[in-house]
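K.L.:
Just to be clear, the model below is a prediction. Sequence and coordinates:
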Amino acid sequence: MAGVETELDRMVRTATEAARIGDALKAVMTTLDGAMSSLTPMDGEIKNTFWQGHNNHLDAVNKLCTKLHRMSDGITTSKVAYEAQDASSQSAFSGLGASGTTIDTTVL
């Protein structure tokens, strides 16, 4: 089962890294937001359109970060649950061999 465990570890690492990158992007956007507020005011409709687009982008980045963190948490939770079930199965098989009993394959 080492290959499966390695794949789960890779998935957790990838999801965690994606969430970290999303957070870094959010930090950049927040810094950009602060810098843009000091720009010379634009006129009317151009200003409104510009800020509406910028705010939509910030909202999208925030939603992306939230989803990436949920994905990372979900994969980590699944990995922990899988490992617990795998350990339980391995223990059951070890106990079966140790007790000297056999599995009746005729019922399969």
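P.N.:
Arrived safely, thanks for sending. Residues are numbered from 1 along each chain as shown.

K.L.:
Closest to the centroid, which residue in the protein?
P.N.:
Ser72 (2.1 Å; CA atoms, centre = their mean).

K.L.:
Tell me the secondary structure at that one.
P.N.:
Secondary structure, DSSP: H, G, I helix; E, B strand; the rest coil: Ser72 is helix.

K.L.:
list the contacts for the residue lying closest to it once chain neighbours are set aside?
P.N.:
Counting by CB to CB, 6 or more residues apart in numbering, Ala15 is the residue found nearest to Ser72 once chain neighbours are left out, at 3.8 Å. No exception for glycine: its C-beta is placed from N, CA and C like everyone else's. Going by CB atoms under 8 Å, 6 or more residues apart in numbering, Ala15 touches Leu68, Met71, Ser72, Ile75, Thr76.

K.L.:
I'd like to know how many residues surround the nearest residue to the last one once chain neighbours are set aside.
P.N.:
To tie it back to what came earlier, the one meant is Thr76. Excluding the flanking residues, the one nearest Thr76 by CB to CB, 6+ apart is Val12, at 5.3 Å. Val12: 18 surrounding residues under other CB atoms under 10 Å.
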